[in-house]
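**Student:** what shape does this take:
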Amino acid sequence: MKKAFRITAIAALLALGIWIFQILFPPEEKRIRRLLAQAAEAAEVNPKQNPLFKLAGANRLVGCFSPDAVLQVEVPGVQMRTIHGHDDLLQAVTAALAGLQEARIQLHRVHVSVDPGRQSATAQLVTAAYLNGSSEPMVQELRIRLRKIEDHWKIVQVETVKTLGR
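**Tutor:** Numbers count the residues shown, from 1 in each chain. Here you go, the predicted model:
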């Protein structure tokens with residue numbers, strides 16, 4: 001009986017140790033998914049939101065990107081737009097958020113592939129943006145390249161994936 005109790009206690013301690021290790025040191029894919037979720041959350045705008053909170057959201061969003069980030073995104077109704085670096089990105093995000101009363105962003109079909117050296121990764125996902133109370137989302141497929149900078153994942157490139165219909 002005593003031996004069974006010891007074995008159970010050791011197994012429980014081992015399981016607890018593994019669980020704590022995973023919390024303190026999550027897998028790279030999980031860290032990247034968390035970064036992407038934080039970026040989507042930072043891009044959201046609530047109705048009647050104070051303009052200072054919109055600016056804070058823009059700064060949080062830009063903080064998810066590397067200083068030399070490049071975005072090549074196709075905005076419906078507008079031709080392909082390329083944005084280089086933090087300053088251009090902050091200016092573009094601030095202008096976009098200023099014109100929105102509401103924005104909800106959802107990420108779907110997120111697939112993350114971490115390179116063998118664990119210093120770069122690629123994420124492919126579908127975004128659905130519900131803007132200004134619309135029930136019809138603006139949907140885009142994106143390819144995102146990430147790089148680990150000072151032990152933090154940062155977005156270095158975003159590009160719209162062209163589908164056959166476009």
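
**Student:** and the gap between residue 42 and residue 36?
**Tutor:** Separation of residue 42 from residue 36 (Cβ to Cβ, to the nearest Å): 11 Å. Just so you know, the C-beta spots here come from the backbone N, C-alpha and C atoms, and that holds for glycine as well.

**Student:** which one of those two has more residues nearby?
**Tutor:** Taking neighbours as other Cβ atoms under 10 Å, residue 42 and residue 36 compare with residue 36 leading, 22 against 19.

**Student:** the more buried one against residue 124, yeah?
**Tutor:** No - using Cβ atoms under 8 Å as the test, residue 36 is too far from residue 124 to be in contact (11.0 Å).

**Student:** residues in contact with the residue lying closest to residue 64 once chain neighbours are set aside?
**Tutor:** Closest residue to residue 64 apart from its sequence neighbours, by Cβ to Cβ, 6 or more residues apart in numbering: residue 39 at 4.3 Å. Residues in contact with residue 39 (Cβ atoms under 8 Å, 6 or more residues apart in numbering) are 61, 64, 155.

**Student:** same check, this time on residue 71
**Tutor:** Counting by Cβ under 8 Å, 6+ apart, residue 71 touches 81-83, 89, 157-159.

**Student:** now the buried members of these.
**Tutor:** Buried members of the contacts of residue 71, counted by 16 or more other Cβ atoms under 10 Å: 83, 89, 157-159.

**Student:** any idea how far residue 85 lies from residue 91?
**Tutor:** Taking Cβ to Cβ as the measure, residue 85 falls 10 Å from residue 91.

**Student:** ok, residue 28 touching residue 116?
**Tutor:** No - using Cβ under 8 Å as the test, residue 28 is too far from residue 116 to be in contact (11.2 Å).

**Student:** the more surrounded of these two?
**Tutor:** For residue 28 against residue 116, the residue with the higher neighbour count under other Cβ under 10 Å is residue 28, and the figures read 17 against 6.

**Student:** got phi/psi on the more buried one?
**Tutor:** Taking degrees, to the nearest 10, you get phi -60, psi -40 for the backbone angles of residue 28.

**Student:** helices and strands around the least confident helix or strand in the chain by mean pLDDT, which ones?
**Tutor:** For the chain, counting by mean pLDDT, DSSP states H and E, helix 2-24 ranks last in confidence among helices and strands (a mean of 74). Of the remaining helices and strands, none touches helix 2-24 by 3 or more Cβ pairs under 8 Å, 6 or more residues apart in numbering; DSSP states H and E.
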